[in-house]
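> A structural model of the following input is requested.
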Amino acid sequence: MTGRIGNIILIGMITGAVLGLMGGLWLGDFMLSIKFLGTMFLNALKMVVVPLVVASIIIGVTSLGDIRKLGRTAGKTLAYYMATTGFSVLVGIILVNLIRPGDGVPPIGAEVPEFVASKGGGTIVDVIVGLVPDNIVGAAATGQILPLIVFAVLFGGVLTVIGDKGKPVIAFFEGINAAIMKIVLLIIYFAPIGILALIGGIVAENRASVDKLITALGMYSLTVIIGLLIHASITLPLILRLLGRKKPFHYFLNMGEALATAFTTASSSATLPITMECVEEKNRVDPRSASFVLPLGATINMDGTALYEAVAALFIAQIYGIDLSIGAQVIIFFTATLASVGAAAIPEAGLVMMTLVLTAVGLPLEGIGIILAIDWFLDRCRTTVNVWGDSIGAAVIGQTKEFNQ
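This next block holds a predicted model:
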């Protein structure tokens with residue numbers, strides 16, 4: 001997807017959200033009659049979830065090479081990315097439980113699975129047992145995303161150590177991954193129409209309480225932004241100061257051009273050349289570290305996006321009046337953290353990841369219709385945090401003994 005086409009689709013999605021809102025208020029019967037288009041859009045997203053998770057995670061793992069030969073630098077880089085992403089998700093989960101932006105908002109009519117409504121998604125023991133399903137095909141058929149991720153990581157790792165026998169299998173999944181990416185792209189082309197129908201149908205069915213929906217959306221956005229600010233201004237600077245041995249404020253100022261580009265383009269990959277220049281030239285980070293850490297980070301590191309997904313999932317659960325158990329929130333934590341490895345290179349990665357997280361805990365995908373109305377802005381905020389985290393990772397890894405010998 002070129003930048004021009006991406007911008008056109010973004011404008012189309014925003015336009016679709018606005019028209020859906022107005023149509024739901026003033027042309028309710030018409031919007032209800034085309035609601036099936038929104039259902040088809042959601043079904044298309046559900047359709048690609050399983051092959052997308054399996055193929056993208058396997059390719060992400062195998063692209064790192066023989067796991068026995070990754071070396072300390074790669075291991076430390078991956079550990080940094082997983083740790084910071086985990087911290088960001090934890091911040092989001094804590095905030096959304098404290099602020100509870102979805103409380104008091106009328107549900108939008110989707111059916112909630114009985115096991116979620118009655119048990120809140122299960123216990124921590126259920127989560128641990130569910131990591132190893134007795135039937136991986138059955139797990140895929142019932143939408144159990146977390147065990148699929150675990151299986152894909154294990155399968156990809158094994159493929160890297162069996163030599164020539166693994167190469168045809170890797171090539172097979174590369175082909176699947178490329179094909180699924182094209183299908184996702186096709187689905188995204190129809191996103192403006194799907195969003196118009198989704199939001200129009202939601203508003204038409206809940207015209208009497210639109211004010212509550214708008215207020216909740218504002219509180220939800222505020223929750224996400226507060227979480228991003230905490231992660232970007234407290235967690236990451238502390239890591240930079242303690243492990244990267246840099247002055248956070250000075251480092252931040254030198255990253256200004258890259259962060260501004262990230263906000264305007266909403267793309268870590270498109271920002272990568274500027275990120276590398278700011279990190280190497282202005283912040284004097286070892287080029288060897290920057291050249292390895294930053295491209296990898298633009299592909300697999302999504303601190304801001306993972307936080308956003310966790311907040312969105314719990315926000316949607318609150319709208320449906322579901323008090324998710326600790327076990328279900330643990331599933332959200334791990335799914336949002338692990339799925340970031342495979343979803344970062346996907347067009348509209350936040351939208352696709354949202355389907356993964358909601359499916360993992362059995363929440364209705366119809367809830368996506370509400371949050372998409374503001375997603376275009378939050379997408380820019382979370383991408384900026386993603387790039388900020390990448391740049392700090394380069395400084396941290398640059399201080400390891402492998403680069404100071």
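
> low pLDDT regions in the stretch 1-150 of the chain?
Where the stretch 1-150 of the chain drops to pLDDT under 70, the residues are 1-3, 6, 64, 66-71, 107-127, 143.

> could you rerun that using 50?
Residues of the stretch 1-150 of the chain that meet the criterion pLDDT under 50 lie in 115, 118-119.

> can you point me to the longest helix in this structure?
helix 368-398 (DSSP state H).

> chain center to that helix, what's the gap?
9 Å (CA atoms, centre = their mean, to the nearest Å).

> tell me where the stretch 201-350 of the chain is predicted with low confidence.
Counting by pLDDT under 50, the stretch 201-350 of the chain has low-confidence residues at 345.

> ok, which stretches of it are helices?
210-230, 236-239, 248-254, 256-265, 268-277, 287-300, 303-319, 326-343, 349-360 (DSSP state H, counting those that start in this stretch).

> right, so these: which one is the most enclosed?
helix 303-319 (a mean of 29; mean count of other CB atoms under 10 Å). Yep, even glycine has a C-beta here, placed from its N, CA and C like the rest.

> so what does it touch, helix or strand wise?
Secondary-structure packing of helix 303-319 (3 or more CB pairs under 8 Å, 6 or more residues apart in numbering; DSSP states H and E): helix 71-99, helix 210-230, helix 326-343, helix 349-360, helix 368-398.

> identify whichever of these lies nearest to residue 260.
Residue 260 lies closest to helix 368-398 among these, at 8.4 Å (CB to CB).

> buried residues in that closest one?
Residues of helix 368-398 classed as buried: 368-375, 378-398 (neighbour count, 16 or more other CB atoms under 10 Å).

> stretch 147-167 now?
Neighbour-count burial for stretch 147-167 flags 147-153, 155-157, 159-160, 166 (criterion: 16+ other CB under 10 Å).

> what sits up against that stretch?
Outside stretch 147-167, the residues within contact range by CB atoms under 8 Å, 6 or more residues apart in numbering are 50, 53-54, 57-62, 64-68, 130-133, 136, 139-140, 169-170, 334-335, 338-339, 342.

> again, only using 6 Å
The contact list for stretch 147-167 (CB atoms under 6 Å, 6 or more residues apart in numbering) reads 53-54, 57-58, 61-62, 66-68, 130-131, 133, 136, 139, 169-170, 338.

> that older thread, other SSEs contacting the longest helix of the chain?
Judged by 3 or more CB pairs under 6 Å, 6 or more residues apart in numbering; DSSP states H and E, the packing partners of helix 368-398 are helix 3-26, helix 71-99, helix 191-205, helix 210-230, helix 256-265, helix 268-277, helix 287-300, helix 303-319.

> in TSV: the ones you listed, plus distance to residue 361.
Compiled in TSV, those are given as follows (distance: least, CB to CB, whole Å):
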stretch	distance to residue 361
helix 3-26	25
helix 71-99	12
helix 191-205	20
helix 210-230	18
helix 256-265	30
helix 268-277	27
helix 287-300	23
helix 303-319	7
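
> closest one to residue 185 among those helices?
Closest of those to residue 185 is helix 3-26, at 9.3 Å (criterion: CB to CB).

> ok and the closest one relative to helix 191-205, angle-wise?
Helix 3-26 runs at 20 degrees relative to helix 191-205, counting by axes from the mean of the first three to the mean of the last three CA atoms, to 10 degrees.

> pretty sure residue 192 sits against residue 12.
Yes - counting by CB atoms under 6 Å, residue 12 is a contact partner of residue 192 at 3.3 Å.

> those two - which one has more neighbours?
More crowded of residue 192 and residue 12, by other CB atoms under 10 Å: residue 192, with 22 against 17.

> could you give the backbone dihedrals for residue 255?
Here is the backbone geometry of residue 255 (degrees, to the nearest 10): phi -90, psi 0.

> quick check: residue 335 vs residue 358, distance?
Distance, residue 335 to residue 358, using CB to CB, to the nearest Å: 9 Å.

> go on, residue 63?
According to CB to CB, residue 63 and residue 358 sit 27 Å apart.

> same check, this time on residue 58
Distance from residue 58 to residue 358, by CB to CB: 23 Å.

> also residue 291?
37 Å.

> contacts for stretch 292-310 next, please.
Outside stretch 292-310, the residues that touch it by CB under 6 Å, 6+ apart are 77, 81, 84-85, 88-89, 92-93, 224, 227-228, 268-269, 272, 275-276, 332, 336-337, 340-341, 344-345, 350, 353-354, 357, 382, 385-386, 389-390, 393-394, 397.

> correction: the previous question concerned stretch 379-399.
Here stretch 379-399 has contacts from 76-77, 80, 84, 228, 232, 236, 240, 243-246, 255, 258-259, 262-263, 266, 268, 271, 275, 279, 285-286, 289-290, 293-294, 297, 301-305, 308, 350, using CB under 6 Å, 6+ apart.

> quick one: mean pLDDT for that stretch?
Stretch 379-399 shows a mean pLDDT of 91 in the predicted model.

> what about it, distance to the chain center?
Centroid separation for stretch 379-399 versus its chain: 15 Å, with CA atoms, centre = their mean.

> check stretch 11-22 too.
On the basis of CA atoms, centre = their mean, stretch 11-22 sits 22 Å off its chain's mean C-alpha point.

> any buried residues in it, and which?
Neighbour counts using 16+ other CB under 10 Å place 12-14, 16-17, 19-21 of stretch 11-22 among the buried residues.

> adding distance to residue 72, write the residues you listed out as TSV.
Output for those, formatted as TSV (distance: CB to CB, whole Å):
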residue	distance to residue 72
12	46
13	43
14	45
16	48
17	47
19	53
20	51
21	52
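
> measure the residue lying closest to residue 34 once chain neighbours are set aside to residue 223 for me?
Closest residue in space to residue 34, ignoring its immediate chain neighbours: residue 197 at 5.1 Å, by CB to CB, 6 or more residues apart in numbering. Distance of residue 197 to residue 223, computed by CB to CB: 27 Å.
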